[in-house]
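Student: Provided below for reference: sequence and predicted model.
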Amino acid sequence: MDGEADEAAEKLAEIQSDNMILEMENKLLNLYANRMLQATSEDPEESEKAARKASRKSGKKERLPQELTLQQKYEIANTEGEVTKGAIEECKTVQEKLIDDLRALLEEADIKIAEISKDQYEFKRDVNTSAPGKPMAEKVLHFLEEKLRNKDSVVGKLTLKNGALKQQILKMENQLQHKEEMGEVLHVIDFDQLKIENQQYLEKIEERNNELLKLKLTTGNIVQTLNASKKRLNRLMVESETLKRMIVEKQALTKKVQEEIDGIEVEKVKVKKANAALQKQIEESGMPEVLEYVTQKATAHQLKKDLANYERKVEIAEMELRRLRTQTTMSRGGLGATGLGTTGFKSGTVGSAGMR
């Protein structure tokens, strides 16, 4: 049973493959027949001949062949292949022409964009910077008149160039007509040479187009890099302004702390002088009374306590000054942060409050 099933499956696969081949042949034959019928309908003489031939064959009772010969299949396939190849070549020609037209339009658009950008730059330059005392309308009118003169000059040059090209074309046509009259027609070799030269020129044009495309891509990359650099420069300028503002604030705070330190130094000198005077007075007074001694001892103790407090305040103020100078140096080097400046300002405020 398994052998019979395998054999039946093989036969089924073979039949399916034959059916696929027959379907392809039928499609190809239908294409050929439709094309031939269309060509016959377009040519009346051919259609009449085909009709007479069909009527003669219908009078004879002969059996038509049910299958095409291998030669007929080959001819039909070859004909359809040539037709398909011709259609593909025609599509390629149309596509190449369309690509050339689009490329020309793109180049024209690029030229127009460049001209508009140039006109915009010249308008800003000439109207905004020329003759500050002149009215704006007069500047614009002068600019437009200058542009019109330039356009007229370009039109004149192009007209002359167009006339020269027309003369050249007329001259070449006369030469060609003269050669035809003299029988000096171009040979196959000349046409082959022209084809080779045309192909070489097309290759050169393609190379130039590729180079132009590479230059456009490079220009786009340069513009992107320039925009990124501009953004980075703007960000750095904002950071620089912030750091300058922080440095000014730190300098003001440092100046205030320095003034407080100077005041404390003055008070310290006064306290030292008063202490020295008391010490001298004690030494010169000899043995004081008990009550006076106790009073002087309490006063000296209080003065020492005040002196120790002032010295501690001076040390705190000096530490705060050093810390603020360090923060200011770091801010000038671009390493300062807003949080650090806020903390320094709060600490300076606490130190100032403590000194008060």
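Tutor: Perfect, I can see it now.
Student: distance from the host helix or strand of residue 33 to the middle of the chain?
Tutor: Element membership for residue 33, per DSSP states H and E: helix 2-42. In terms of C-alpha atoms, centre = their mean, to the nearest Å, the centre of helix 2-42 is found 55 Å from the chain centre.
Student: stretch 221-230 now?
Tutor: Counting by C-alpha atoms, centre = their mean, stretch 221-230 is centred 8 Å from the centre of its parent chain.
Student: may I have it as CSV, with CA atoms only?
Tutor: The C-alpha coordinates for stretch 221-230 follow below in CSV (Å, rounded to 0.1, in the frame of the first residue of the first chain):
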residue,chain,number,x,y,z
ASN,A,221,27.2,67.2,6.7
ILE,A,222,29.1,70.5,7.1
VAL,A,223,25.9,72.4,7.6
GLN,A,224,24.8,70.0,10.3
THR,A,225,28.2,70.3,12.0
LEU,A,226,28.0,74.0,11.8
ASN,A,227,24.5,74.1,13.3
ALA,A,228,25.6,71.8,16.2
SER,A,229,28.6,74.0,16.8
LYS,A,230,26.4,77.1,16.9
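Student: quick check: mean pLDDT of that stretch?
Tutor: In this model, stretch 221-230 has a mean pLDDT of 80.
Student: next: stretch 71-89.
Tutor: On average, stretch 71-89 scores 83.
Student: mind listing what's buried in it?
Tutor: Going by neighbour count (16 or more other C-beta atoms under 10 Å), the buried part of stretch 71-89 is 76, 80. To be clear about C-beta, it is placed using only N, CA and C from the backbone, and glycine gets the same treatment.
Student: mind listing residues that contact it?
Tutor: 25, 28, 29, 31, 32, 35, 68 (C-beta atoms under 8 Å, 6 or more residues apart in numbering).
Student: other SSEs contacting the helix or strand encompassing residue 193?
Tutor: Counting by DSSP H and E, the element that carries residue 193 is helix 188-285. With contacts defined as 3 or more C-beta pairs under 8 Å, 6 or more residues apart in numbering; DSSP states H and E, the packing partners of helix 188-285 are helix 290-332, helix 338-355.
Student: just the CA coordinates of stretch 237-256, formatted as PDB?
Tutor: Extracted C-alpha coordinates of stretch 237-256, given in PDB (Å, rounded to 0.1, in the frame of the first residue of the first chain):
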ATOM      1  CA  MET A 237      27.900  81.600  26.100                       C
ATOM      2  CA  VAL A 238      24.900  81.200  28.400                       C
ATOM      3  CA  GLU A 239      27.100  79.200  30.900                       C
ATOM      4  CA  SER A 240      29.700  82.000  30.600                       C
ATOM      5  CA  GLU A 241      27.200  84.700  31.500                       C
ATOM      6  CA  THR A 242      26.000  82.600  34.500                       C
ATOM      7  CA  LEU A 243      29.600  82.100  35.700                       C
ATOM      8  CA  LYS A 244      30.300  85.900  35.300                       C
ATOM      9  CA  ARG A 245      27.200  86.700  37.300                       C
ATOM     10  CA  MET A 246      28.200  84.200  40.000                       C
ATOM     11  CA  ILE A 247      31.800  85.600  40.100                       C
ATOM     12  CA  VAL A 248      30.400  89.200  40.600                       C
ATOM     13  CA  GLU A 249      28.200  87.900  43.500                       C
ATOM     14  CA  LYS A 250      31.100  86.100  45.100                       C
ATOM     15  CA  GLN A 251      33.300  89.100  44.800                       C
ATOM     16  CA  ALA A 252      30.700  91.300  46.500                       C
ATOM     17  CA  LEU A 253      30.300  88.800  49.300                       C
ATOM     18  CA  THR A 254      34.100  88.500  49.600                       C
ATOM     19  CA  LYS A 255      34.400  92.300  49.900                       C
ATOM     20  CA  LYS A 256      31.700  92.400  52.600                       C
END
